[in-house]
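J.: Sequence first, then the predicted structure:
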Amino acid sequence: MRDRSVPQDETLPDGIDEGKRLVRVGGDKGLSLAERLSEHFHRLTWRTPIHGMRLKGRHPLKLIAVPDDPLLGDVQRGHALLEGMLTFRGESRDIETLDLTKPDFSKAFADYLHSFAWLRDLSTVATRAQATPIAEHLMRLWLTAHADTVSEPAWRADLWGRRILFWTAHAPLILSSADLVYRSRVLNTLARGARHIDRAAEKAPPGAPRVAALCGVVAGTLLIPGGDPRQSATEAALLRGLTSSIHEDGGNVARSPAVQVDLVMLLTSLREVYDARQLNPPAFLGDTLARLIPALLGICHGDRDVGSWQGGGPYGADALAQVIAATGVRTRPLRQARDWGYQRLAAGSAVVILDGAPPPVARLVEGGCASTLAIELSDGPDRIVVNCGGARTGIAQLPADLSEGLRTTAAHSTLVLGDSNSTAIHADGTLGRGVGEVELVRQESETSSRIEASHDGYARRFGLLHRRQLVMANDGRELRGEDVLLPAPKQRKIQPSVFAVRFHLGFGVQVSPTADGMAALLRLPHGGVWQFRCRGGKLAIEDSLWIDAEGRPHATLQLVVTGEAPAGGTNIGWVLKRAH
């Protein structure tokens, strides 16, 4: 059972907004000398820094309650902290020599540090006695560098939201010191940060940034004295933030599995705040989690981990299972979601996932991928066809140009026309023109499940539409596909070009081409064998790579079917079939 005792400084204010306190009307007339002196002193100090620290409210600044952290952290990162190293996605810094006033680390590392997510990692592997000195040391470094100056990225709204959740859930690690000045500064900075994001949270970008900021606002309202009158208003703001960040089908606007997991974790952590206060959370909190989980499960393979979509990769099956279990939501995977954009075919031990929507809207998200109509296929624990993934993971070992390359259409298992992206990726990383519409039809029968989808990403440049048809047998032993290039309506010029239909293979899949050059045998890591055969193009085997759950790149292979796309279009057929 966690020790919820937190030292409280009874001399600190509660953060009542300036201009909202009671003042006497009519000046000093009629007051006694003592009252006039008191009033004069009040006027002199009500806007000074000393007033902001000591004289600002009726309530002492303290934590009303300490919520539990319902989630486990990363064990390896936690052990590294015990050894004096702060590590994240390939970057490491010695905490004894860490200088936050001269940051020399990546954006991803900075976000990890400033969010204080490392408190979760540390508490997962350490006792309170072991963790407190490390947590206090890093807290003092952060306060010295950032407590008094509002600047990016440290004071970014989403990072303050996360920081409030982590500071309050792990308060025993950062507020056990006998140093009253230090403790007072932590609490005062917490209150100041809560006021800061109260004004800025709804201006954060939709998706995880806005939801993280608003979760911090609600948590601050519930855990800092004097906030209860604003509970309804902050909850209404959170509801608006969720509505703008999550589609009705439960998928997030970034169309990112990593963001989906992040949103689940944020809302699960916020729910613990209500539990600590012995309050019922608003109904929309549970309803949102009940929509997020089926959408998340819908993009999981037979290994119970998510696929590589929109720059992400596997999360880790055990870690994902723990996140889902913490929500208490028990449900089935979502099979089709038009806004979320992913279609799921599952039969026997096979799972197929199709990206059946345009990329995320550029103004809503950074780092989107041109992956429309890409597929992934798994058989039980083995991933057969994958996407490369990893573009958004901020891995230090990956060169920037390679990370950008992982966003391209060629890094996904779909058709590429003219060696170009189905949606343009600009030099500054934003998405440009391309796929504007996806038409999709799904049919179920007694023998098979069929999806037919098309996109217009190549219509303007090449005058051709890409249509992909998938048919999965009801026993899951066969997946038939057809990629068709059709003349787009109202296009005067159709430019002949070359095509390549790519099938990036899962890590550990061994490939043996057949003598006729039109097929290959795929041997899976757990012993299964699948056959691949194609028509309408020439089959080649090329190098590829895949980013795992730890962010490490692995050398893999890909099947590539190439050919000419004449003005009238062309048809490429293929089949993946489990061998007897």
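T.: Sure, I can see it.

J.: what residues are up against the closest residue to residue 216 other than its chain neighbours?
T.: Of all residues not flanking residue 216 in the chain, residue 161 sits nearest, at 2.8 Å (Cβ to Cβ, 6 or more residues apart in numbering). Heads up, the C-betas are built off the backbone N, CA and C, glycines and all. In this structure, residue 161 makes contact with 197, 201, 212-217, 219, judged by Cβ atoms under 8 Å, 6 or more residues apart in numbering.

J.: from the residues you listed, which single one is nearest residue 131?
T.: Ranked by distance to residue 131 (Cβ to Cβ), the contacts of residue 161 are led by residue 219 at 21.3 Å.

J.: element containing the closest one, please.
T.: In this structure, residue 219 sits in helix 208-223 according to DSSP states H and E.

J.: Partner strands of the strand of greatest length in the chain and their direction?
T.: Identified as the longest strand of the chain according to DSSP state E is strand 553-565. When pairing is defined by DSSP bridges, strand 553-565 lines up against strand 497-505 (antiparallel), strand 538-547 (antiparallel).

J.: show me what contacts residue 447?
T.: Neighbouring residues of residue 447 by Cβ under 8 Å, 6+ apart: 473-474.

J.: can you tell me how far it sits from residue 94?
T.: For residue 447, the distance to residue 94 equals 62 Å [Cβ to Cβ, to the nearest Å].

J.: lowest-confidence helix or strand of this protein?
T.: In the chain, no helix or strand scores lower on mean pLDDT, DSSP states H and E than helix 49-54, which sits at a mean of 32.

J.: Tell me the helix or strand right after that one.
T.: Next along the chain after helix 49-54, taking DSSP H and E as the criterion, comes helix 75-82.

J.: buried sites along the following helix or strand past that following helix?
T.: As assigned by DSSP H and E, the chain's next helix or strand after helix 75-82 is strand 85-88. Using 16 or more other Cβ atoms under 10 Å as the test for burial, strand 85-88 gives 86-88.

J.: Tell me what residue 533 is bridged to.
T.: Residues in a beta bridge with residue 533, per DSSP bridges, are residue 519, residue 575.

J.: Pull the contacting residues for it.
T.: Applying Cβ under 8 Å, 6+ apart, the residues contacting residue 533 are 518-519, 574-575, 577.

J.: ok, so what distance separates the residue nearest the centre of the chain from residue 292?
T.: In the chain, the residue lying closest to the centroid (Cα atoms, centre = their mean) is residue 259, at 2.1 Å. Residue 259 is 10 Å from residue 292, where distance means Cβ to Cβ.

J.: all strands of the stretch 301-450 of the chain, in order?
T.: 342-347, 350-355, 375-379, 382-386, 415-417, 438-444, 448-455 (DSSP state E, counting those that start in this stretch).

J.: Against which helices or strands is the first one packed?
T.: Contacts of strand 342-347 with other secondary structure elements, assessed using 3 or more Cβ pairs under 8 Å, 6 or more residues apart in numbering; DSSP states H and E, are made with strand 350-355, strand 448-455, strand 464-473.

J.: Kindly calculate the angle that that strand makes with strand 448-455.
T.: Strand 342-347 runs at 160 degrees relative to strand 448-455, counting by axes from the mean of the first three to the mean of the last three Cα atoms, to 10 degrees.

J.: Can you show me the CA trace of strand 342-347 as CSV?
T.: The C-alpha trace of strand 342-347 is given here as CSV (Å, rounded to 0.1, in the frame of the first residue of the first chain):
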residue,chain,number,x,y,z
TYR,A,342,-8.4,0.9,-39.8
GLN,A,343,-10.2,-2.2,-41.1
ARG,A,344,-9.6,-5.6,-39.4
LEU,A,345,-10.0,-9.0,-41.0
ALA,A,346,-9.6,-11.9,-38.5
ALA,A,347,-10.1,-15.6,-39.2
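
J.: quick one, that strand and strand 350-355 angle?
T.: Taking the same axes, to 10 degrees, one finds that strand 342-347 is oriented at 170 degrees with respect to strand 350-355.

J.: So what touches strand 342-347?
T.: Under the criterion Cβ under 8 Å, 6+ apart, residues 251, 295, 298-299, 309, 333-337, 351-357, 440, 442, 449, 451, 453, 470, 472-476, 479 lie in contact with strand 342-347.

J.: any idea how far residue 518 is from residue 556?
T.: Residue 556 is 22 Å from residue 518, by Cβ to Cβ.

J.: Check residue 189 too.
T.: 66 Å.

J.: Also residue 150?
T.: Distance, residue 150 to residue 518, by Cβ to Cβ: 63 Å.

J.: And for residue 250?
T.: In terms of Cβ to Cβ, residue 250 sits 41 Å off from residue 518.

J.: Residue 401 too?
T.: The gap separating residue 401 from residue 518 is 34 Å, by Cβ to Cβ.

J.: So which of these two has more stuff around it?
T.: More crowded of residue 401 and residue 518, by other Cβ atoms under 10 Å: residue 518, with 17 against 7.

J.: residues contacting the more buried one?
T.: Contact analysis of residue 518 by Cβ under 8 Å, 6+ apart lists 533-535, 539.

J.: just checking, residue 112 touches residue 88?
T.: Yes. The pair residue 112 / residue 88 is scored as a contact, 4.3 Å apart, by Cβ atoms under 8 Å.

J.: quick one: low-confidence parts of this protein?
T.: Across the chain, the ranges flagged by pLDDT under 70 are 1-60, 363-364, 394, 396, 492.

J.: Output the helix or strand hosting residue 572 as CSV - backbone C-alpha positions only.
T.: Of the helices and strands defined by DSSP H and E, residue 572 is found in strand 570-578. Only the C-alpha atoms of strand 570-578 are listed here, as CSV (Å, rounded to 0.1, in the frame of the first residue of the first chain):
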residue,chain,number,x,y,z
THR,A,570,-2.9,-2.3,-65.0
ASN,A,571,-3.8,-5.1,-62.7
ILE,A,572,-1.5,-6.9,-60.2
GLY,A,573,-2.8,-10.0,-58.5
TRP,A,574,-1.2,-11.8,-55.6
VAL,A,575,-2.0,-14.4,-52.9
LEU,A,576,-0.6,-15.3,-49.5
LYS,A,577,-1.5,-18.8,-48.5
ARG,A,578,-0.6,-21.0,-45.6
